[in-house]
Each structure stands twice: as C-alpha cells, then as structure tokens.
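Visitor: Take this sequence and fold it.
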Amino acid sequence: MVDSSETVSSVINAESLDRRVAQIRLIPQRHGTGEHGRIFAQIARELYVPHLAPDFAYIHESPFYSREYFQKVYDRAYSATSGFRVIDQAHLAQAIAGDSRTLLIFRTIMGLTREEFSHSTALAGEPLGLKSLSAGKIDSMERSGTSASAEQASLAARTLTQIIDGTLFGDPGGGLRRKQEKPDTEDGWLSVQKFSDEGVPFALFLHQRHYGGAFRQILDATSTQRGDLLEDAVDTLFTENSIPFIRTGSHNQSEISQRFEVQVTPAPDFVVFDGAGILRAILECKGTNNGGTARDKALRFERLREESKRLGGIPLIAILGGMGWARVNDTLGPVVRDTEGRVFTLATLHEILTLTPFPSLVGAVPATA
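Guide: Predicted coordinates for the structure are as follows:
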C-alpha cells in the first residue's frame, strides 16, 4: 500500500486539473476504504479550504444604495429646504414635488422603511380622505424620480411633519419609545439642522450601525442576488466564453430529462453540452456558512455522483461558497470524493476553463450578429 501522505502530495502537486482528477481516481486502488475519509479530508483542507470565503464578507453593488446617489439626492433636499431650516409642511411638499427623490432623505431621517412610511401615510391621510402612498410608489419616487402629484407630495409632507412633531404616533408607554427619539430627531428639525451643520461624531455613527444592523437595508434588498451568487458567477463565466449551457432553474425539469437523459430531481444547477447537443458535464452550486447545513448539502453530491456514473461518467463539478465547507471530515471531503476533485470556489472559478471538457467547449456558441 502507498503511504497516504504520498497520495495526498501527488494530488496537491498535480501539474493540471485533469492530472489531479486522475490522481484522485487512484485512491480506491491504493488505499483501503478505512483510509479514504482521512485522505479526502486532508486534500480538502489543503487544496480547497484556503479558497473559501464567507458570503457575509461581501455585498452586491446597488446604485440606489451607493453613497454617490444618496449624496446627490441629499444635496437636493438640503438646498430645497435651506439646510433643513425652511421645513414647514408647505415647503416640504414643494421640495418633494420639485424632486420626488428627496423623499428618500426625509424618510431616512424619520428612520422608517418604505413599507412603514406607506402605512404612516395611511394614518396621516385617513382624516382627510386621502389615499395612502403605496410602498411601490414610494420606491419609484425615491429610486427613479417618478413624479408625485400635488396631493401625493402634500400627503408625504403632512406625514413627515406629523411624525417628527410626535402627533402621528401617540406616546406608547409600557417601556416603548418612538423611533424618532434618536439623536438626529429627538429635538425635531432642530436636531436635524445641528447634525447637518456640525456633522455626526464617529462614536454616534458607529452606535447607529450597531443599533440598526450593519448593512441591513442593502442586504435585505439584494437577498435574491446573494442567494444566486454562485450561479450568477458561473452563468457569467460560461456566457463570456461562449460555452453551451443551460441553467436548469429557469427550465422545465422534464425538458432537462428528455433532452439530456438526466433523471435525478431536481436537475443539477447547470448542464453543459457541446455543439452537437451532447451532455458533457453537470454542475451543482452550494453555498453555506453553517457546517451542519453543509453536511446536509454534501449528500446532494452523493446522489449526483450516482447519476454521473449512470450517464457514463459525465464529469460532476461542485461550485462551493461559504465557510460551512471548512468542516472537511463530513462535508468538503465527501464532495471532493464524489466529484473526483472537481471543486471550485469564486476565487478559483476561472480555472474551470482548463478542466476537461471545457477547453474544447470555449467558443462553441456561435457569435450573434
């Protein structure tokens, strides 16, 4: 029997990805089953764990949440209200009617989400028989500058005024306090003016981040994108390199089964094929920052390995993200085994183009005119 350290070294030091796969395939021949788990765990620890990154380390770019956009709209609100000094209901309405994006600034000062402000407009408008502003309307005003009617601007201004002067929401009692009892609005518009003129002390800025949740708004707004982080990266890589593929989540599962004879359900996240329409590889993307969840997700690759064998040894490829996979013994190690080492992360994804069958597939999608 070959020493396990030699086997691990041969895998790690393989001169190409295809050679790495070949070395991993030799493990069952060189070692008894009792050694397999330890060997695959060691390979996983040395080769793949260093490239894992937690998805909480990143946020998606979103122009609406950028500092540049906010600053531009803030400047409009500041100018329209003379530095938040001419801030009566009529002037607020005039500012919002003149540039509806400024509602973003005024709503943020109140500390309310779009949905919360929408409900607030219902409270403020009901005594006058006015229709509330929907969350969608508020979003389109703030994000796109969709025009607001005189009535809508007036209702928004009425709501803002009643919120900040404390008349819209009564004294809650019972150990509760209104959200507007915060440093920049505790004295109404006077507090706003003070911080606008003098700036916010760094300790106070950090406290508000601690109090409100770091990056909470943009994380909530981009939750769908974060869920598709790995899939989007693969999609982009294949598209840019004209590799024929189907992202199966956007297709009928029966279509995938009929076209490629893939019978496992749900179908793998991606099927890759050649110019003749012949299946060449299947890919599965799995991200998690929880070790227990990673263990459960690892079982998916065991099922896909059996399907890969049934299809004649079609390469099975894993795209992984999140620190949950750093638990190598019962998560990443088994995935390395089931994929024969065809494991990639966001940091190494570009290397997939050197792995069989991808070199022969690059450019296989005809360029469109």
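Visitor: pretty sure residue 317 is in a strand, no?
Guide: Yes. Residue 317 sits within a strand when classified using DSSP: H, G, I helix; E, B strand; the rest coil.
Visitor: burial of it, as a residue count?
Guide: By other CB atoms under 10 Å, the residues close to residue 317 number 27. (Each C-beta comes from the backbone N, C-alpha and C, glycine too.)
Visitor: Next: residue 355.
Guide: The local packing count at residue 355 equals 19, with neighbours defined by other CB under 10 Å.
Visitor: Without its sequence neighbours, what residue ends up closest to it?
Guide: Ranked by CB to CB, 6 or more residues apart in numbering and with sequence neighbours excluded, the top spatial neighbour of residue 355 is residue 17, at 4.3 Å.
Visitor: Can you read off the pLDDT for the one you found?
Guide: Residue 17 carries a pLDDT value of 96.
Visitor: For residue 124, see how far away it is.
Guide: Using CB to CB, to the nearest Å, we find residue 17 at a distance of 63 Å from residue 124.
Visitor: Residue 99 too?
Guide: Here the criterion is CB to CB. By it, residue 99 lies 21 Å from residue 124.
Visitor: So those two - more neighbours on which side?
Guide: Neighbours per residue, other CB under 10 Å: of residue 99 and residue 124, the larger number sits with residue 124, 23 against 17.
Visitor: Tell me which residues touch that one, please.
Guide: With contact taken as CB atoms under 8 Å, 6 or more residues apart in numbering, residue 124 is in contact with 130, 155, 158-159, 162, 168.
Visitor: Just among those residues, which is most surrounded?
Guide: Going by other CB under 10 Å, residue 159 tops the contacts of residue 124 with 29 neighbours.
Visitor: residue ranges with poor pLDDT in the stretch 251-369 of the chain?
Guide: The stretch 251-369 of the chain contains residues with pLDDT under 70 at 367-369.
Visitor: At which residues are the strands of it located?
Guide: With DSSP state E, counting those that start in this stretch as the criterion, the stretch 251-369 of the chain has strands at 270-273, 279-287, 316-321, 343-344.
Visitor: what residues does the first one touch?
Guide: Residues outside strand 270-273 that contact it (CB under 8 Å, 6+ apart): 231, 234, 238, 243-248, 256, 260, 262, 279-285, 357-358, 361.
Visitor: Drop anything exposed from these.
Guide: Under a neighbour-count criterion of 16 or more other CB atoms under 10 Å, the subset of those counted as buried comprises 231, 234, 238, 243-248, 256, 260, 262, 279-285, 358, 361.
Visitor: Can I get stretch 86-95 as PDB, trimmed to CA atoms?
Guide: Extracted in PDB, the C-alpha atoms of stretch 86-95 (Å, rounded to 0.1, in the frame of the first residue of the first chain):
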ATOM      1  CA  VAL A  86     -37.300  76.100   5.900                       C
ATOM      2  CA  ILE A  87     -39.100  72.800   6.700                       C
ATOM      3  CA  ASP A  88     -42.800  73.600   7.300                       C
ATOM      4  CA  GLN A  89     -45.300  71.300   5.600                       C
ATOM      5  CA  ALA A  90     -45.800  73.500   2.600                       C
ATOM      6  CA  HIS A  91     -42.100  73.800   1.800                       C
ATOM      7  CA  LEU A  92     -41.600  70.000   2.300                       C
ATOM      8  CA  ALA A  93     -44.400  69.400  -0.200                       C
ATOM      9  CA  GLN A  94     -42.800  71.800  -2.600                       C
ATOM     10  CA  ALA A  95     -39.400  70.100  -2.200                       C
END
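Visitor: pLDDT on that stretch, on average?
Guide: Averaged across stretch 86-95, pLDDT comes to 96.
Visitor: Could you do stretch 191-211 as well?
Guide: With pLDDT averaged residue by residue, stretch 191-211 scores 92.
Visitor: end to end, how far does that stretch reach?
Guide: Distances were taken as CA to CA, to the nearest Å; on that basis the terminal residues of stretch 191-211 are 19 Å apart.
Visitor: In it, which residues are buried?
Guide: Under the neighbour-count criterion of 16+ other CB under 10 Å, stretch 191-211 has 191-193, 195-196 buried.
Visitor: Check stretch 13-29 too.
Guide: Within stretch 13-29, the residues that qualify as buried by neighbour count (16+ other CB under 10 Å) are 14, 17, 20-21, 23-24, 27.
Visitor: which of those residues lies closest to residue 178?
Guide: Looking at the buried residues of stretch 13-29 and their distance to residue 178, the nearest is residue 17, at 59.5 Å (CB to CB).
Visitor: Quick check: phi and psi at that closest one.
Guide: The phi and psi torsions at residue 17 (degrees, to the nearest 10) take the values phi -70, psi -40.
Visitor: so who does it touch?
Guide: By CB under 8 Å, 6+ apart, the contact list for residue 17 reads 341-342, 351, 354-355.
Visitor: picking that back up, can you convert the strands of the stretch 251-369 of the chain into CSV and add a column each for distance to residue 43?
Guide: Output for the strands of the stretch 251-369 of the chain, formatted as CSV (distance: least, CB to CB, whole Å):
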stretch, distance to residue 43
strand 270-273, 24
strand 279-287, 18
strand 316-321, 13
strand 343-344, 10
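Visitor: do you know which of those strands lies nearest residue 175?
Guide: For those, distance to residue 175 was read as CB to CB. The smallest value, 39.9 Å, belongs to strand 279-287.
Visitor: Look up how far residue 2 lies from the closest residue to residue 331 other than its chain neighbours.
Guide: The shortest distance from residue 331 to any residue other than its chain neighbours is 4.1 Å, reached at residue 294 (CB to CB, 6+ apart). Using CB to CB, residue 294 is found at 30 Å from residue 2.
Visitor: Neighbour count for these two, which is higher?
Guide: residue 294 (24 against 12).
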